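Engineer: Everything below, folded, please.
(chains A and B)
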Number of protein chains: 2
Amino acid sequence: MPVVKEVEAVYLRANIAYDGTDFRGFQIQARGRTVQGVLEQALARLSGVPVRIVGAGRTDSGVHANGQVVAFSLPWRHDLATLRRALNAILPDDLAVLQLELAEGRFHPRFSAHSREYRYFLWRGEVRSPLHERFSYHVSGALDFALMQRAARILVGRYDFSSFGKPPAGNNPVREVLQSDWWQDGRMWLYRVEANAFLWRMVRRLVMALVWVGQKRWTVEQLAAVLAAKDLAMAPPPAPAKGLFLWQVNY
Amino acid sequence: MPVVKEVEAVYLRANIAYDGTDFRGFQIQARGRTVQGVLEQALARLSGVPVRIVGAGRTDSGVHANGQVVAFSLPWRHDLATLRRALNAILPDDLAVLQLELAEGRFHPRFSAHSREYRYFLWRGEVRSPLHERFSYHVSGALDFALMQRAARILVGRYDFSSFGKPPAGNNPVREVLQSDWWQDGRMWLYRVEANAFLWRMVRRLVMALVWVGQKRWTVEQLAAVLAAKDLAMAPPPAPAKGLFLWQVNY
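Structural biologist: Prediction:
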């Protein structure tokens, strides 16, 4: 009988990026192309065994990522540079593994994270731009930057964000926002928000609320009142998914 | 008999932008979706008559534009802001009219232009980026920026560029390059080249030549020798279309 040499499994952590346009979100589903589904398939193809991945954040359909973090274990006998190269060669153009490293056994992409940073891109050209269509939300017309900045700043702190999103069933709706500000890069306005964690669709609802403040549909005081009300019925609709990026997860 | 009021035709000049990914170039063809075809259809739909447009540059399949200029005349009784809004409402997401104004009768997008500026985007990340895939060419590995800058600068001047492109049948292959330089914006390297006009695929061949210099496949002196040879057989292959933008046309 031949001796079959077992390949040891390694536990890995990967930083991945994706263009969310053609994915139905991160999490695997019965139907539809998902980031998790495509990545698990590629890992299975390379390792010869089924592989399950765990991600730091379940981005919605259409949301992009520049620094999503995932972990998985798989049998692999070569080095990690080879694995990364092989993965990027078979993954589709809209998904790539940026970094790959050995993880400690106790590492968990979601539970080990102490904060997440999202960014939202607002295109401020007078007309829509075909070159920015895919990765930003076009808002033309008057928008008061200083008011939006003031409104963004009042979100920093530890609050019950029930007016802006739903926590997972039965969970605590309190989140701690560590950074919340706007800056301009030419005709692109960028919003950066960092928190220990976010409620479902919270970033996109916050962005729309800030745009409403910029458009003077809401005053900064009204935004504060909505936050204090802890009532999702008072929330504005979420801003479009295509402007949102999971930018970085901090451990 | 009712009196039919004739609508006067106006001669217009438009700055347009497009994501070239899903177009088979600018110029209308028997088959395939082209910028000219889609824009003429929209203009015909709004004005009720067939409309022909003339463009400043016939960008190839996959090449983008930020500042393509076109001219056309059509019967229109409302103001130009209304026409622009109506056009952008019916044009697809990957094509937009940025500016629209009355043109003088003697204006010709191609013949009146005194120079064109193209830009080329090179993504220098270690691995390919799904977020930059659509609008840049990924070149990993060592690339000597200073050498590429030196090589770019020697292209400025009035030369016979036969080694880098074909002129229209029987035409003069001499072009005057006014600007040719690189700069860096994070991990994106940008090349800007302005000339009175360009030969077919000249920009993409120049870019590839400059990349070869950066990779030390060619010395700056070899590039100069290829330019002096006036022989298209010595040209490198064109860099991918997706990194190229018709940036601006100057009148």
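Engineer: is stretch A:45-58 anywhere near chain B?
Structural biologist: No: residues of stretch A:45-58 are not located near chain B by Cβ under 8 Å from any Cβ of the partner chain, the shortest gap being 15.6 Å. Every residue, glycine included, has its C-beta placed from N, CA and C.
Engineer: contacting residues around that stretch?
Structural biologist: With Cβ atoms under 8 Å, 6 or more residues apart in numbering or on different chains as the test, stretch A:45-58 has contacts from A:25-27, A:35-36, A:39-40, A:43-44, A:68-76, A:83, A:86-87, A:90, A:108-110, A:113, A:116, A:198, A:246, A:249.
Engineer: Please list the members of these that lie in helices.
Structural biologist: A:35-36, A:39-40, A:43-44, A:83, A:86-87, A:90 (DSSP state H).
Engineer: can those go into TSV with extra columns for distance to A:Gln99?
Structural biologist: Shown next, in TSV, are these (distance: Cβ to Cβ, whole Å):
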residue	distance to A:Gln99
A:Val35	16
A:Gln36	18
A:Leu39	14
A:Glu40	19
A:Leu43	16
A:Ala44	21
A:Leu83	12
A:Ala86	15
A:Leu87	12
A:Ile90	18
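Engineer: of these, closest to A:Tyr137?
Structural biologist: Relative to A:Tyr137, the closest of the ones in helices among the contacts of stretch A:45-58 is A:Val35; by Cβ to Cβ it sits at 21.1 Å.
Engineer: Double-check the closest one against A:Phe23; I have them as touching.
Structural biologist: Yes: if you go by Cβ atoms under 8 Å, A:Val35 and A:Phe23 touch, sitting 5.3 Å apart.
Engineer: Quick check: the gap between the residue nearest to A:Arg106 when sequence neighbours are not counted and chain B.
Structural biologist: Nearest non-adjacent residue to A:Arg106, counting by Cβ to Cβ, 6 or more residues apart in numbering or on different chains: A:Ser112, 7.6 Å away. A:Ser112 is 24 Å from chain B, where distance means Cβ to the nearest Cβ, to the nearest Å.
Engineer: before we move on, what about A:Arg134?
Structural biologist: 7 Å.
Engineer: helix/strand/coil for the residue nearest to that residue when sequence neighbours are not counted?
Structural biologist: Spatial nearest neighbour of A:Arg134, excluding adjacent residues (Cβ to Cβ, 6+ apart): A:Thr21 at 6.0 Å. With DSSP: H, G, I helix; E, B strand; the rest coil as the basis, A:Thr21 sits in helix.
Engineer: A:Thr21 reaches A:Asp94, doesn't it?
Structural biologist: Yes: A:Thr21 lies in contact with A:Asp94 (Cβ under 8 Å); the separation is 7.1 Å.
Engineer: Of the two, which one has the most company?
Structural biologist: A:Asp94 (20 against 17; other Cβ atoms under 10 Å in any protein chain shown).
Engineer: What parts of the stretch 1-150 of chain A come near chain B?
Structural biologist: Neighbours of chain B within the stretch 1-150 of chain A, by Cβ under 8 Å from any Cβ: A:17-19, A:64, A:66, A:84, A:88, A:93-98, A:125-131, A:133-135.
Engineer: ok, of those residues, which come out buried?
Structural biologist: Buried members of these, counted by 16 or more other Cβ atoms under 10 Å in any protein chain shown: A:17-19, A:64, A:66, A:84, A:88, A:94-98, A:125, A:127-131, A:133-135.
Engineer: hang on, isn't A:Ile154 packed against A:Thr219?
Structural biologist: No: contact between A:Ile154 and A:Thr219 fails when scored by Cβ under 8 Å: they sit 11.5 Å apart.
Engineer: Comparing those two, which residue is more hemmed in?
Structural biologist: A:Ile154 (16 against 13).
Engineer: With adjacent residues omitted, what lies nearest to the more buried one?
Structural biologist: According to Cβ to Cβ, 6+ apart, the nearest residue to A:Ile154 is A:Ala224 (5.8 Å).
Engineer: would that neighbour count as being in a strand?
Structural biologist: No: counting by three-state DSSP, A:Ala224 is located in no strand; its state is helix.
Engineer: ok, it touching A:Leu155?
Structural biologist: No: assessed by Cβ under 8 Å, A:Ala224 is found out of contact with A:Leu155, at 9.3 Å.
Engineer: Quick check on these two: which one has the bigger neighbour count.
Structural biologist: A:Leu155 (22 against 14).
Engineer: Would you confirm that the more buried one contacts A:Asp181?
Structural biologist: No: using Cβ under 8 Å, A:Leu155 makes no contact with A:Asp181, being 9.6 Å away.
Engineer: Distance-wise, check the residue nearest to A:Ile154 relative to A:Pro236.
Structural biologist: Counting by Cβ to Cβ, to the nearest Å, the gap from A:Ala224 to A:Pro236 is 14 Å.
Engineer: ditto for A:Gln222
Structural biologist: Distance from A:Gln222 to A:Pro236, by Cβ to Cβ: 11 Å.
Engineer: In terms of neighbours, single out the busier of those two.
Structural biologist: Legend: neighbour count by other Cβ under 10 Å for A:Gln222 and A:Pro236, higher for A:Pro236 (20 against 15).
Engineer: so what's A:Val213 up against?
Structural biologist: Neighbouring residues of A:Val213 by Cβ under 8 Å, 6+ apart: A:144, A:147-148, A:151, A:219-220, A:222-223.
Engineer: Just read off the phi/psi values of A:Ala152.
Structural biologist: phi -60, psi -40 (degrees, to the nearest 10).
Engineer: Identify the residue spatially nearest to it, adjacent ones excluded.
Structural biologist: A:Ser180 (4.6 Å).
Engineer: what number of residues lie near that neighbour?
Structural biologist: Quick note: A:Ser180 (other Cβ under 10 Å) scores 20 neighbours.
Engineer: how much space between it and A:Gly157?
Structural biologist: On the measure of Cβ to Cβ, A:Ser180 and A:Gly157 end up 9 Å apart.
Engineer: same question, A:Arg175
Structural biologist: In terms of Cβ to Cβ, A:Arg175 sits 10 Å off from A:Gly157.
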